[in-house]
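S.K.: Based on what follows, work out the 3D shape:
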Amino acid sequence: MFRDMRRIKQLLSMEDTVAVMKRCTNGVLACLGDEEYPYAVPLSYVYFNDKIYFHSAKAGHKIDAIIKNPKVSFTVVDEDTIVSEEYTTYFRSAIAFGKARIVEGEEWVEGFKALVNKYSGDQPEEGKLKAMADGGAHAYLIAIDIEHITGKEAIEYIKSKG
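M.R.: Model prediction:
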């Protein structure tokens, strides 16, 4: 169902791909928007329990698109270093495909806690609990159930390892 990567030599291992997803702090969600135009929006997220979690306003373009068609992709760029003398960049990135859904129940608690800890783990527990309560009242937590995930890096990084 999903295409094989064309430049297979640049394919990251699953372990390295997951590390990229865990390390990055923002990515781009792509979905089918209004009038079937692609809609891509940058957002903060957490990779937790083999899923991608992010929060969303309860109304707007993003949530409308997800409800209409839950198939999405999510991309992160871990590194993008310009190498001007080679007319290129040395990069590392990952892309996931899956279905997005609104999270509820115990999964909401665990997912929102993971999101709060990623971005505010150094804050007092009381503040984190308040942020979760406030977030639940004003936003959805969305999960992407990943169906396919790959990572890729510049061939120069591959050559430097071997």
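
S.K.: pLDDT on the longest helix anywhere in the chain, on average?
M.R.: Across the chain, the longest stretch assigned as helix under DSSP state H is helix 105-120. Averaged across helix 105-120, the pLDDT comes to 92.

S.K.: Does anything pack onto that helix? Which helices or strands?
M.R.: The contact analysis (3 or more CB pairs under 8 Å, 6 or more residues apart in numbering; DSSP states H and E) places helix 105-120 against strand 46-48, strand 51-57, helix 125-138, strand 139-153. Placement of C-beta: from N, CA and C, glycine included.

S.K.: In the third one, which residues are buried?
M.R.: Translated: helix 125-138. Buried residues in helix 125-138, counted by 16 or more other CB atoms under 10 Å: 128, 131, 132, 135.

S.K.: same check, this time on the longest one
M.R.: Along strand 139-153, these residues count as buried under the neighbour rule (16+ other CB under 10 Å): 140, 141, 142, 143, 144, 146, 149, 150, 151, 152, 153.

S.K.: okay if I get those as JSON lines plus distance to residue 53 and pLDDT?
M.R.: Shown next, in JSON lines, are the buried residues of strand 139-153 (distance: CB to CB, whole Å; pLDDT from 0 to 100):
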{"residue": "140", "distance to residue 53": "11", "pLDDT": "93"}
{"residue": "141", "distance to residue 53": "6", "pLDDT": "94"}
{"residue": "142", "distance to residue 53": "7", "pLDDT": "97"}
{"residue": "143", "distance to residue 53": "5", "pLDDT": "98"}
{"residue": "144", "distance to residue 53": "8", "pLDDT": "98"}
{"residue": "146", "distance to residue 53": "11", "pLDDT": "98"}
{"residue": "149", "distance to residue 53": "15", "pLDDT": "97"}
{"residue": "150", "distance to residue 53": "20", "pLDDT": "96"}
{"residue": "151", "distance to residue 53": "19", "pLDDT": "95"}
{"residue": "152", "distance to residue 53": "23", "pLDDT": "94"}
{"residue": "153", "distance to residue 53": "25", "pLDDT": "89"}
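
S.K.: need these in JSON lines with distance to residue 122, can you?
M.R.: Listed next are those as JSON lines, based on distance: CB to CB, whole Å:
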{"residue": "140", "distance to residue 122": "26"}
{"residue": "141", "distance to residue 122": "22"}
{"residue": "142", "distance to residue 122": "25"}
{"residue": "143", "distance to residue 122": "25"}
{"residue": "144", "distance to residue 122": "26"}
{"residue": "146", "distance to residue 122": "28"}
{"residue": "149", "distance to residue 122": "29"}
{"residue": "150", "distance to residue 122": "32"}
{"residue": "151", "distance to residue 122": "28"}
{"residue": "152", "distance to residue 122": "32"}
{"residue": "153", "distance to residue 122": "30"}
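
S.K.: Nothing else from me, thank you.
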